[in-house]
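Q: for reference, the sequence and a predicted model appear below.
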Amino acid sequence: MKLLITGYFGMSNLGDDIMLDVFCKEIIAADETIEVTVALLNGDRSKLELPDGVRILDLSKFKYGKSFIFDHFLNRTFDAFFWIGGTCFTENAGNGSYNYMNSFARLGKKTGYLGVGIGNVKSPSKVQRYTHLLNQASIVTFRDVESFNQAKEWSSNQNLYYCEDLVHLIDIRKPEEIEGDRVIVSWRSLKGYYNENIENNAINELLRFMREHFEKEKIEVLVLGSNVDCEINRQIYDRISEMMPNISVQYSNGLSTTEKINHISKAKIAIMGRLHGIFIAEKMGIKTIAIGYDNKSERFLKSVGRECDLIYPDQVSQAGLNKIYSECLADKIDFTEKREAAMKNIQLFIEKVGGGVNNSFTIVIFYPQMCALGVN
């Protein structure tokens, strides 16, 4: 069976690149005869960290005509098309690869989603589209119970399952010899989620909070997401440098996935906006202040009993940040059960799509534009 998959890969997003890595490793571990090929349509191959033996087919030179390629080549070449990880059903960011999924479904090919989430979807047209995609899917696994319940309201498909985020399959821990020596700030751009005034006010309050508590600390501004995060984090770095000229301030961008994780491991406190930055910090037992922007961070923190670490941009104030700072914990969370639940993504995929671990697959990983599917 030849399988084509997509996701928010190759865009320097920490969580998505982790999911790419762990998915490939676990599928290969399930059957050593699996042959994995990465078809790179828009991503940067130099930013990828892939398991040994995974091949890359670079198709990024095709600037136009991707819909034509899907309709007249890919859907005839491959047996199935799946989206892997991330919040792919949203109001304003992703649309579940609607056109490309339909391209495969029209030919009776298998389609589906693994380890995904549903955002704050409100418009009837989006609900209608997502219901259609869920109804035709061979299998859909959700990373949180809220997304699963929402999907069950939309669709009567019996092949919808609640598992866990694929990122739980990563085996990481904070090295015993490393003691946190810095405050790490990683802002997530709020464009499309909050208006500019709310974001600016939240940043102003955060900077006042930092000046109050971290005047003598080493500070690192760390970019964990895509290019949309670079500008705002650079602005934060510049303002910290001006506001606290006598301290050490570092700006880190363009790091590999492994380097990003290593930098987070050196934090004594992590102020994070991206979900998987929050995940890594909490998993390593680092005190964390989570800046939310939609429902997924809240869902994750609630699932591990750390919703007290969360604050939303329109609620950010010095008092609110002080409360989290005084109450957030630095003890490690046991993620054993979540890892076992995340393995169900792989097991169900093999069962429903492959029909068993003895099948041989060719896996081609398609890299769309950010939020994917405006590519034509």
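A: Looks like it came in fine. Since the model is a prediction, treat every value here as computed from it, not as a measurement.
Q: what about stretch 190-203, start to end distance?
A: End-to-end distance for stretch 190-203, by CA to CA, to the nearest Å: 11 Å.
Q: ditto for stretch 152-171
A: OK, stretch 152-171 end separation, CA to CA: 31 Å.
Q: now it: buried residues?
A: Neighbour-count burial for stretch 152-171 flags 154-155, 157, 160-170 (criterion: 16 or more other CB atoms under 10 Å). No exception for glycine: its C-beta is placed from N, CA and C like everyone else's.
Q: any figure for the gap between residue 17 and residue 52?
A: Shown here: residue 17 relative to residue 52, a distance of 17 Å by CB to CB, to the nearest Å.
Q: what about the two, which has more around it?
A: residue 17 (26 against 6; other CB atoms under 10 Å).
Q: which element is that one on?
A: According to DSSP states H and E, residue 17 maps onto helix 14-30.
Q: send me that helix as CSV with only the CA atoms.
A: In CSV, the C-alpha atoms belonging to helix 14-30 read as follows (Å, rounded to 0.1, in the frame of the first residue of the first chain):
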residue,chain,number,x,y,z
LEU,A,14,8.3,22.4,17.2
GLY,A,15,5.3,20.2,17.8
ASP,A,16,4.6,19.4,14.2
ASP,A,17,8.2,18.4,13.4
ILE,A,18,8.2,16.2,16.6
MET,A,19,5.0,14.5,15.4
LEU,A,20,6.6,13.9,12.0
ASP,A,21,9.6,12.3,13.6
VAL,A,22,7.8,10.0,16.0
PHE,A,23,5.2,8.9,13.5
CYS,A,24,7.8,7.8,11.1
LYS,A,25,9.8,6.0,13.8
GLU,A,26,6.8,4.2,15.2
ILE,A,27,5.5,3.1,11.8
ILE,A,28,8.9,1.8,10.9
ALA,A,29,9.1,0.0,14.3
ALA,A,30,5.7,-1.6,13.6
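Q: quick check: buried residues in that helix?
A: Here helix 14-30 shows 14-28, 30 as buried, counting by 16+ other CB under 10 Å.
Q: on that earlier part again, among the buried residues of stretch 152-171, name the ones in strands.
A: Using DSSP state E, the subset of the buried residues of stretch 152-171 located in strands is 160, 161, 162.
Q: of these, which is the nearest to residue 350?
A: residue 161 (13.4 Å; CB to CB).
Q: show me what contacts that closest one?
A: Residues near residue 161 by CB atoms under 8 Å, 6 or more residues apart in numbering: 139, 140, 141, 142, 148, 344, 348.
Q: need those residues in CSV (columns: distance to residue 283, neighbour count and pLDDT).
A: As requested, these are arranged in CSV below (distance: CB to CB, whole Å; neighbours: other CB atoms under 10 Å; pLDDT from 0 to 100):
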residue, distance to residue 283, neighbour count, pLDDT
139, 27, 21, 96
140, 26, 27, 98
141, 21, 28, 97
142, 20, 26, 97
148, 22, 18, 97
344, 19, 17, 96
348, 24, 18, 94
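Q: want to throw those residues into TSV with secondary structure and distance to residue 94?
A: Putting the contacts of residue 161 into TSV (DSSP: H, G, I helix; E, B strand; the rest coil; distance: CB to CB, whole Å) gives the following:
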residue	secondary structure	distance to residue 94
139	strand	19
140	strand	15
141	strand	17
142	strand	15
148	helix	18
344	helix	23
348	helix	22
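Q: mind listing what's buried along the helix or strand containing residue 337?
A: Residue 337 belongs to helix 336-349 when assigned by DSSP H and E. Neighbour-count burial for helix 336-349, with 16+ other CB under 10 Å as criterion, is recorded at 338, 341, 342, 343, 344, 345, 346, 348, 349.
Q: can you tell me the closest non-neighbouring residue to the fourth one?
A: Ranked by CB to CB, 6 or more residues apart in numbering and with sequence neighbours excluded, the top spatial neighbour of residue 343 is residue 169, at 6.9 Å.
Q: so that neighbour sits against residue 342, correct?
A: Yes: at 5.1 Å, residue 169 counts as touching residue 342 under the criterion of CB atoms under 8 Å.
Q: show the residue spans covered by the helices in the stretch 1-150 of the chain.
A: 14-30, 66-69, 75-77, 98-105, 124-136, 145-154 (DSSP state H, counting those that start in this stretch).
Q: mind giving me the packing neighbours of the fifth one?
A: Read that as helix 124-136. strand 80-89, helix 98-105, strand 110-118, helix 145-154 (3 or more CB pairs under 8 Å, 6 or more residues apart in numbering; DSSP states H and E).
Q: out of those, flag the one nearest residue 208.
A: strand 80-89 (31.1 Å).
Q: I'd like the distance from that closest one to the chain centre, please.
A: Distance, stretch centre to chain centre, for strand 80-89: 11 Å (CA atoms, centre = their mean, to the nearest Å).
Q: in CSV: the helices of the stretch 1-150 of the chain, plus distance to residue 189.
A: Listed next are these as CSV, based on distance: least, CB to CB, whole Å:
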stretch, distance to residue 189
helix 14-30, 14
helix 66-69, 26
helix 75-77, 34
helix 98-105, 24
helix 124-136, 22
helix 145-154, 23
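Q: and those, which one is worst for confidence?
A: Among these, helix 66-69 carries the lowest mean pLDDT, a mean of 83.
Q: doesn't residue 322 fall inside a helix?
A: Yes: under DSSP: H, G, I helix; E, B strand; the rest coil, residue 322 sits within a helix.
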